[in-house]
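1. below is the sequence, then the predicted model.
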Amino acid sequence: MSAKKNDDYARADRAARLLLSKTKLRPRIGLVLGSGLGAFADEFESATRIPYATIPNFPRSTAIGHAGKLVIGKVGGVAVAAMQGRVHFYEGYSMKEVTFPMRVMARMGIRAVILTNAAGGINTSYQQGCLVVIGDHINLHASNPLTGPNDERFGLRFFDMTTAYDKTYRGWALAEGKKLGMAIHEGVYCILNGPSYETPAEIRLMRSAGADLAGMSTVPEVISARHMGIKVLGISCVTNMAAGILDQPINHVEVLETGERVKTQFIGLLRAVIPRIAEDLR
């Protein structure tokens, strides 16, 4: 085993130990709260907030709408660890840096993650502001986060991605969303590098491949989480319709405004799903 592999594991372990030293809680559920959705962590009970800048080797988010803090607290009595914002490949980070927080969560004892994001709607049946449970993804990114030497302490070199997004968790999210009267769907998420939004021709290509959503995040985290045996639930907020769907330009202010408008619904869904996942992990 190379020194670099030892370093990857040791760095994640060191960061996890520091985080756990800040609280008596031992969360088993992790959350990544995407653009405009970080407000949920402000509502945690018994919360400890740790800026990314104070966590060893933790990448710092530079994207607008990402607070850059890891919050450990309780949601309805369930201990959780939430990232208020993530880092992206387009910010100049390597894929290993993008997925380092997932490594840290695994070393903290996290066994299931809820990954959220803001996405562009490709499926014309979607409306701006609706929520979509991710059923599968298409990776059109430049690289895979597991490229390079594999450390089997994290996971196997080759592993199955047939059910990357847990089928049971998806069913719970859809059922709870319908109970709450939400416009909620299930769809396929497609990732590209960013930071520029996709062209109409690229959106047509993705639609022909079966994509319902387009975005610039989440998939590397899913791959890394499944590599380590962590269960995944992914939920997108359609903050804008993708290029060419509507006869209007796309801007990031609109993304943040839509996230703010639907955050109450989004938080309601997370509060409903978290106890069910916690029960599954017992």
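-> Here it is on my side, so go on.
2. quick one: the helices in the chain, in order.
-> Using DSSP state H, the helices of the chain run over 3-21, 95-108, 167-179, 200-208, 219-227, 252-280.
3. now these in JSON lines, with mean pLDDT, mean neighbour count and distance to Ile29?
-> No exception for glycine: its C-beta is placed from N, CA and C like everyone else's. Putting the helices of the chain into JSON lines (pLDDT from 0 to 100; neighbours: other CB atoms under 10 Å; distance: least, CB to CB, whole Å) gives the following:
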{"stretch": "helix 3-21", "mean pLDDT": "85", "mean neighbour count": "16", "distance to Ile29": "15"}
{"stretch": "helix 95-108", "mean pLDDT": "97", "mean neighbour count": "23", "distance to Ile29": "10"}
{"stretch": "helix 167-179", "mean pLDDT": "98", "mean neighbour count": "17", "distance to Ile29": "11"}
{"stretch": "helix 200-208", "mean pLDDT": "94", "mean neighbour count": "15", "distance to Ile29": "31"}
{"stretch": "helix 219-227", "mean pLDDT": "98", "mean neighbour count": "24", "distance to Ile29": "12"}
{"stretch": "helix 252-280", "mean pLDDT": "87", "mean neighbour count": "18", "distance to Ile29": "6"}
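4. of these, which approaches Phe44 most closely?
-> The closest of the helices of the chain to Phe44 is helix 252-280. By CB to CB, the value is 11.0 Å.
5. elements contacting that closest one?
-> Secondary-structure packing of helix 252-280 (3 or more CB pairs under 8 Å, 6 or more residues apart in numbering; DSSP states H and E): strand 29-33, strand 69-75, strand 78-84, strand 112-121, strand 131-139, helix 167-179, strand 231-241.
6. switch to 6 Å and redo it
-> For helix 252-280, the elements it packs on are strand 78-84, strand 112-121, helix 167-179, strand 231-241, judged by 3 or more CB pairs under 6 Å, 6 or more residues apart in numbering; DSSP states H and E.
7. next, count neighbours for the residue lying closest to Val71 once chain neighbours are set aside.
-> Closest residue to Val71 apart from its sequence neighbours, by CB to CB, 6 or more residues apart in numbering: Ala41 at 4.1 Å. The tally of other residues near Ala41 (other CB atoms under 10 Å) stands at 25.
8. how far away is Val232 from Ala15?
-> Using CB to CB, to the nearest Å, one obtains 21 Å as the distance from Val232 to Ala15.
9. of all the helices and strands packed on helix 252-280, which one is nearest Pro220?
-> The nearest among the helices and strands packed on helix 252-280, by CB to CB, is strand 112-121 at 10.3 Å.
10. redo the helices of the chain as TSV? Include distance to Val132.
-> Shown next, in TSV, are those (distance: least, CB to CB, whole Å):
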stretch	distance to Val132
helix 3-21	30
helix 95-108	22
helix 167-179	10
helix 200-208	14
helix 219-227	15
helix 252-280	11
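11. hang on, the earlier thing: give the contact list for the residue nearest to Val71.
-> 71, 82, 84 (CB atoms under 6 Å, 6 or more residues apart in numbering).
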